[in-house]
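Undergrad: Predicted model follows, preceded by the sequence.
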Amino acid sequence: MEKDLYKLSNFNYDLPKNLIAQEPLKERDSSRLLVINRKDNSIRETIFKDIIGLLNEGDILVLNDTRVIKAKLIGKTKTGGKIEILLLKEKEKGIWETLVMPGKRAKLGEKISFGKEGFSATIIDKTLQGGRVFEFFPKDFTSCLDELGKPPLPHYIKKEIDDFEKYQTIYSKKEGAVAAPTAGLHFTRKLMSQIKEKGINIVYITLHCGLATFRPVKCEDIREHKMDSEAITISKDAANAINEAKDKGSRIIAVGTTSVRSLEAASFLNPEGKFHVKDKIFETNFYITPGYKFKIVDALITNFHTPLSTNLVLVSSFCGQQLTQKAYAYAKKANFRFFSFGDAMFIV
């Protein structure tokens, strides 16, 4: 029976294409919010901006302040073949792990040009996951990326956005992500101000969303899936605020699965026998599956995730599989908007 808990099929579901949000709402906080209570298995819906009434004075709201870079580049091979490159991680200055399409054109030693004099890249290696390692010239090509790079929108979003800021949280600050921490897209400056006025402490951590965020699980036993590592920063001030709140019994509310993984990966048992988080800069491939005992996070704000994703596995681990499936079935029937630009859940 325990093995059935980890079957891949438990994390798959059908979704009509018309429920996949293709663009953000004009007013970010006007999205719908499904409130899920784990204590009584209840589900109800409201509007995201009304979440202020569900937050309590003393709560800690943990946000991921990563900022998405224009990580998608379109280049040409020597023979003129088009190639699409998605930057994933800078291994060292000018050396990047990437995903490429089509892979058959991405041969070792191939030089790629980008239509700007002096800006090119050479394929110098392959990754274990089937990607490529590029050496870029110049090594610092930030200005070239700003000029020629495109927003790395997920494959299920077919519509181009007219403003890159629509794929950024309003509090995005530290560049390095190749996917947005989408739960945070619902917050507005007005709502953030109201949250602070109510006595809720807002804390920022950083996880640069990379390949781990969107690589689907394919193993029949989900525990066998290997997560890619991502960079995390938790400052001393952030850790102190979280740990003081834990000691007081206040709720730690994570905004997004990236915040959950960051906090749980940094958790430790202190000498008093309480779970705290360490302030540190580190990389982790921490993977949360059903049965995991959450040590830091008490509540979660998150979007509706793609089938077979590690994010859906995490949400199911936090909420419980049956309640998660009940919530997703409700959202589908009620025509909620799904995925990156879609509606949200608040799991308490």
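TA: Happy to help now that I have it.

Undergrad: so what's Leu191 up against?
TA: The contact partners of Leu191, by C-beta atoms under 8 Å, 6 or more residues apart in numbering, come to 29, 49, 51-52. No exception for glycine: its C-beta is placed from N, CA and C like everyone else's.

Undergrad: at 6 Å what do you get?
TA: For Leu191, the contact set (C-beta atoms under 6 Å, 6 or more residues apart in numbering) comprises 29, 49.

Undergrad: Confirm that it sits in a helix.
TA: Yes - counting by DSSP: H, G, I helix; E, B strand; the rest coil, Leu191 is part of a helix.

Undergrad: pLDDT score assigned to it?
TA: Per-residue confidence (pLDDT) for Leu191: 98.

Undergrad: any idea how far Arg261 is from the spatially most central residue of the chain?
TA: The residue lying closest to the centre of the chain (C-alpha atoms, centre = their mean) is Pro181, at 3.9 Å. According to C-beta to C-beta, to the nearest Å, Pro181 and Arg261 sit 11 Å apart.

Undergrad: how far away is Thr258 from Thr169?
TA: From Thr258 over to Thr169 the distance is 11 Å, taken as C-beta to C-beta.

Undergrad: Give me the more crowded residue out of the two.
TA: Neighbours per residue, other C-beta atoms under 10 Å: of Thr258 and Thr169, the larger number sits with Thr258, 32 against 24.

Undergrad: how near is the more buried one to Leu300?
TA: From Thr258 to Leu300 the distance is 11 Å (C-beta to C-beta).

Undergrad: Any idea which helix or strand in this structure has the lowest mean pLDDT?
TA: Taking mean pLDDT, DSSP states H and E as the measure, the chain has helix 211-214 as its least confident helix or strand, at a mean of 78.

Undergrad: Next, the residues that contact it from outside, please.
TA: Under C-beta under 6 Å, 6+ apart, the answer for helix 211-214 is 88, 179, 227-228, 230.

Undergrad: dump the residue contacts of the residue lying closest to Lys91 once chain neighbours are set aside.
TA: Using C-beta to C-beta, 6 or more residues apart in numbering and skipping the chain neighbours, the partner closest in space to Lys91 is Glu97 (6.2 Å). Going by C-beta under 6 Å, 6+ apart, Glu97 touches 88-89, 127, 131, 133.

Undergrad: Name the SS class of Leu5, please.
TA: Secondary structure assignment for Leu5 (three-state DSSP): helix.

Undergrad: That one and Pro290 touch, don't they?
TA: Yes - the pair Leu5 / Pro290 is scored as a contact, 5.2 Å apart, by C-beta atoms under 6 Å.

Undergrad: of those two, who's got more company?
TA: Pro290 (19 against 15).

Undergrad: where does the stretch 201-348 of the chain dip in pLDDT?
TA: Applying pLDDT under 70 to the stretch 201-348 of the chain flags no residue at all.

Undergrad: From what I see, the residue nearest to the centre of the chain and Thr258 are in contact.
TA: Yes - counting by C-beta under 6 Å, Thr258 is a contact partner of Pro181 at 4.9 Å.

Undergrad: Name the residues contacting each of these two.
TA: The contact lists of Pro181 and Thr258 share Asn64, where a contact means C-beta under 6 Å, 6+ apart.

Undergrad: quick one: the residue sitting furthest away from the middle of the chain from Ile123, how far?
TA: Centroid-distance maximum for the chain: Thr79 at 36.8 Å, with C-alpha atoms, centre = their mean. Separation of Thr79 from Ile123 (C-beta to C-beta): 14 Å.

Undergrad: Could you do Thr46 as well?
TA: Between Thr46 and Ile123 the computed distance is 50 Å (C-beta to C-beta).

Undergrad: what's the answer for Phe336, then?
TA: 42 Å.

Undergrad: and what of Lys278?
TA: Distance of Lys278 to Ile123, given as C-beta to C-beta: 38 Å.

Undergrad: more crowded one of the two?
TA: Ile123 (22 against 14).
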